[in-house]
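Novice: turn this into a model:
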Amino acid sequence: MQRTVIIDALRSTNFNQPINVRGWVRSKRGNKQVNFIALNDGSTINNIQIVVDMSKFSEQQLKPVTTGSCISATGILVPSQGAGQAVEIQLTELEVYGTADPDQYPLQKKGLSFEYLRTIAHLRPRTNTFSAVFRIRHNMAMAIHTYFHQHGYFYFHTPLITASDCEGAGQMFQVTTKNLYNLKKDENGKIDYSDDFFGKQTSLTVSGQLEGELAAMALGKIYTFGPTFRAENSNTPRHLAEFWMIEPEVAFIQKDELMDLEEDFIKYCVKWALDNCMDDLKFLNQFVDKGLIERLQSVVNTEFVRLPYTEGVRILQEAIANGKKFEFPCNWGDDLASEHERYLVEEHFGKPVIMTDYPKEIKAFYMKINEDDKTVQGTDVLFPQIGEIIGGSVREESLDKLNAEIERRNIPMKDMWWYLDTRRFGAAPHAGFGLGFERLMLFVTGMSNIRDVIPFPRTPKTAEF
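Specialist: Have a look, this model is predicted:
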């Protein structure tokens, strides 16, 4: 008999007709007269109840049906007699695909910590929390592609292996085929990469932005969406060594238009979650973060504050003068800490903030410098509970100004001639931003640790599965 996925079975009103569902057993309970099997196939947070009349099945037939086992259940769909579900299935035929020994299956008892579940990341998608998170992750990816497609952007694939560094040296994973036990070196003792696969030193990318800028100078509006890598030894709830980034790059827009794009895009993604993931959000709202849905709705319905960095620092210093305690200092020129960003968003304004016009010394070389020669046209979106969720800027299109900043910072650009060509041949004003996908996932799910919104987290000393 053809299988019906459980999300469709739960919506069906085709009562008193045979139906087949297949999935994994979440629980089994009952007595000698009747058993109840809660079955889930991953299509929804909700289980379907299988009612087993024990006069028609032996205990021996039901013995392999334990938590975690995989079964096919055929029966009659009927309105449910119990609370909590509209329909249930009266079992007529049972097939066990795979058993799960109760003494060995680790998802037996309730209340398993997220820390423990990270050690069994291959099984945690079977839990309610993580199946909800990963269904939402799929939906957020769909929202991203749909938004950009509908707005005329082209999805552009940038390389994962690169010889350039977008953000500054020292944070990249090296890619090599060289024998690390017998490295060829030149007369100065430096490693000779001439016999390496690419003939030069290469690494995993930290960003697709630079290549994205090239594409925007031909296609007008592009976005990248793919994995990026940072070799930072950061063991915080907000950092991963491998994560996904969304990076649109747009020709012919200015700072205000960039901020409009940032706000519109992130509101679209949050509204998509509210429109398409409500069952999962209700579960997470109940068991993970009691204020989740209210916070998501408030973002969609709120106009973001647009705040110059200098004014933000003044607000923070005023708060400190009035007795507010921060772990890190806050002076003009400092890169604001997450606690500062969250204070502005959660306590001072009570809504998301787009912070602009940062000191040039704390931002990347490619950002457009303002007329004051002190600040740049950065546009970072700060969110409740997260801090910075988007980092964006207007890019400097003048070759002379860009070269001057590269020289001032003593940035090695010998392998970046192709990037400078975008300013040499038909330079155009342009801007873009980067959104860490997992940061968005933290906000949309209410989860508190970034390791819990990606299937298999990569962090220092952790590359399991």
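Novice: CA atoms for contacts and neighbours, from now on please.
Specialist: Noted.
Novice: so where does the residue nearest to residue 77 when sequence neighbours are not counted fall, helix or strand?
Specialist: Taking CA to CA, 6 or more residues apart in numbering, and ignoring the residues beside it in sequence, residue 77 has residue 89 as its nearest neighbour in space, at 4.6 Å. Element membership for residue 89, per DSSP states H and E: strand 87-98.
Novice: so which bits of the helix or strand just after that strand are buried?
Specialist: Using DSSP H and E, the next helix or strand after strand 87-98 towards the C-terminus is helix 114-119. By neighbour count on 16 or more other CA atoms under 10 Å, the buried set for helix 114-119 is 114, 117, 118.
Novice: can you show me the helices along the protein?
Specialist: Using DSSP state H, the helices of the chain run over 6-11, 59-62, 114-119, 128-150, 209-219, 255-276, 278-287, 292-300, 309-321, 338-342, 399-409, 417-424, 437-445.
Novice: out of the ones you listed, deepest packed?
Specialist: For the helices of the chain, the largest average neighbour count (mean count of other CA atoms under 10 Å) is found in helix 437-445, namely a mean of 23.
Novice: what is that one packed up against?
Specialist: Other helices and strands packing on helix 437-445, by 3 or more CA pairs under 8 Å, 6 or more residues apart in numbering; DSSP states H and E, are helix 128-150, strand 242-251, helix 292-300.
Novice: hmm, who's touching that helix?
Specialist: With contact meaning CA atoms under 8 Å, 6 or more residues apart in numbering, helix 437-445 is reached by 133, 136-137, 140, 238, 243-246, 270, 273, 281, 284, 292, 296, 385-386, 389, 448-450, 453-454.
Novice: return the alpha-carbon coordinates of it using PDB.
Specialist: Extracted C-alpha coordinates of helix 437-445, given in PDB (Å, rounded to 0.1, in the frame of the first residue of the first chain):
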ATOM      1  CA  PHE A 437      22.800  31.900   8.500                       C
ATOM      2  CA  GLU A 438      23.300  30.300  11.900                       C
ATOM      3  CA  ARG A 439      22.900  33.700  13.600                       C
ATOM      4  CA  LEU A 440      19.500  34.000  11.800                       C
ATOM      5  CA  MET A 441      18.700  30.500  13.000                       C
ATOM      6  CA  LEU A 442      19.500  31.300  16.600                       C
ATOM      7  CA  PHE A 443      17.100  34.200  16.500                       C
ATOM      8  CA  VAL A 444      14.300  32.400  14.700                       C
ATOM      9  CA  THR A 445      14.400  29.200  16.900                       C
END
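Novice: do you know the pLDDT at the residue of the chain positioned farthest from its centre?
Specialist: Largest separation from the mean C-alpha position in the chain: residue 55, at 49.5 Å (CA atoms, centre = their mean). Residue 55 is assigned 96 on the pLDDT scale.
Novice: enumerate every residue touching it.
Specialist: Counted by CA under 8 Å, 6+ apart, residue 55 has contacts residue 33.
Novice: try residue 69
Specialist: 24, 25, 96, 97, 98, 99, 100 are the contacts of residue 69 under CA under 8 Å, 6+ apart.
Novice: what's the answer for residue 36, then?
Specialist: For residue 36, the contact set (CA under 8 Å, 6+ apart) comprises 28, 29, 30, 49, 50, 51, 52.
Novice: isn't the last one up against residue 35?
Specialist: Yes - counting by CA atoms under 8 Å, a contact exists between residue 52 and residue 35, whose distance comes to 4.9 Å.
Novice: quick one, which of those two is more surrounded?
Specialist: A direct count of neighbours by other CA atoms under 10 Å for residue 52 and residue 35 places residue 52 higher, at 22 against 17.
Novice: show me which of the contacts of residue 36 are buried.
Specialist: 28, 49, 50, 51, 52.
Novice: which regions of this structure sit below the pLDDT cut-off?
Specialist: Within the chain, the ranges that satisfy pLDDT under 70 run 165-170.
Novice: 90 - rerun?
Specialist: Within the chain, the stretches with pLDDT under 90 are 81-85, 108-111, 163-171, 232-239, 385-387, 410-417.
Novice: check contacts around residue 369.
Specialist: By CA under 8 Å, 6+ apart, the neighbours of residue 369 are 360, 375, 376, 377, 396.
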